[in-house]
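Engineer: Take this sequence and fold it.
(2 chains)
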Amino acid sequence: MIKKLTILLLIGFLILQFFGPELPEVINKNPKDLITNNPDIPEDIKTILQVSCYDCHSNETTYPWYSNIAPVSFLVARDINHARDDLNFSNWEDMNKLDKASALDEITDVIIDDEMPMAIYTAMHRGASLSDQQKELLVSWTEEFSDQMFD
Amino acid sequence: MKLQITMKNLSLLLSITLSVIILMSFTNKNKAVKTYELSEVNYTVPNDVQEIINNSCYGCHNSDSKSKKGKMKLNFDKMSTMKVGKRVGKLNKIHGVVEENDMPPKKFLKKYPEKALNEEDSKKLASWAIEMASQYINE
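Structural biologist: I've put the predicted structure just below:
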């Protein structure tokens, strides 16, 4: 009985692979990118953004091997599409100043509230979780960077 | 305890009355148009806009709000003192949610339909927010 069930599940799993979603496209050259266009951003902030946010919030996603395997692929595709829709650092310079200010303010909010980076991501990417010191750095940078636009 | 009309009691009463009058004149002034000077920029809320905010938004977006999430995302009590970039970000979001009819939350309006923004109020609030935000832009 258990053996039959296992085989059935295995077959189901294999069939599922043919119906997996296409993962969102990776684009490595992004002329409107936040970091590319703002060379004055401090190195530690660039690192935080690239290590902890860019996999989901930019076109430069690095997919781990298991993200191609259904059903994981469904979750990954959904999260990355949502994340890029909400905030895509690769398209930063397409926003006007007001929308940039709102985006920076939202970043502050999600960091203070510990909503980002998503827990499921930091569980798989240990290096992506932020220390308290990194959170403070990021929050004061977002506020400063936003103020600079309205000097 | 017997209360006697002495010079001391009388002068105490007088000073209390005077303080109340002074305080009231202050709050009255604030009611007309709330103006805060913060470096070179102004944050002003005209009376009619303040009324709209009080009726439809303030209940969830103030320092004592029970809605933790609502208070965190937008707190009208802090608008006057926050840094410029942050304030612009918040004002631009107010404009956005009002234009999109996202606030007050639909669920809340089912229970309290009188808190909904009518078309005129919606326009007033949205244009106040976007004008307030845009004044900071100096290209």
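
Engineer: how many neighbours does residue 115 have?
Structural biologist: You didn't pick a chain, so chain A it is. 10 (other CB atoms under 10 Å in any protein chain shown). Where C-beta positions appear, they are placed from N, C-alpha and C, glycine not excepted.

Engineer: Chain B, not that one
Structural biologist: As a burial measure, residue B:115 scores 14 neighbours (other CB under 10 Å).

Engineer: Residue B:124 now?
Structural biologist: 18.

Engineer: separation between it and chain A?
Structural biologist: When CB to the nearest CB, to the nearest Å is the yardstick, residue B:124 and chain A sit 19 Å from each other.

Engineer: so what's that residue up against?
Structural biologist: Taking CB atoms under 8 Å, 6 or more residues apart in numbering or on different chains as the criterion, residue B:124 is in contact with B:48, B:49, B:52.

Engineer: Read off the pLDDT value for the nearest residue to residue B:63 once chain neighbours are set aside.
Structural biologist: Nearest residue to residue B:63, sequence neighbours excluded (CB to CB, 6 or more residues apart in numbering or on different chains): residue B:77, at 4.5 Å. The score at residue B:77 is 96. That number is its pLDDT.

Engineer: What average pLDDT does stretch B:88-100 get?
Structural biologist: 97.

Engineer: Counting neighbours, which bits of it end up buried?
Structural biologist: B:88, B:89, B:90, B:91, B:92, B:93, B:94, B:95, B:96, B:97, B:98 (16 or more other CB atoms under 10 Å in any protein chain shown).

Engineer: same deal with stretch A:60-70?
Structural biologist: Neighbour-count burial for stretch A:60-70 flags A:60, A:61, A:67, A:70 (criterion: 16+ other CB under 10 Å).
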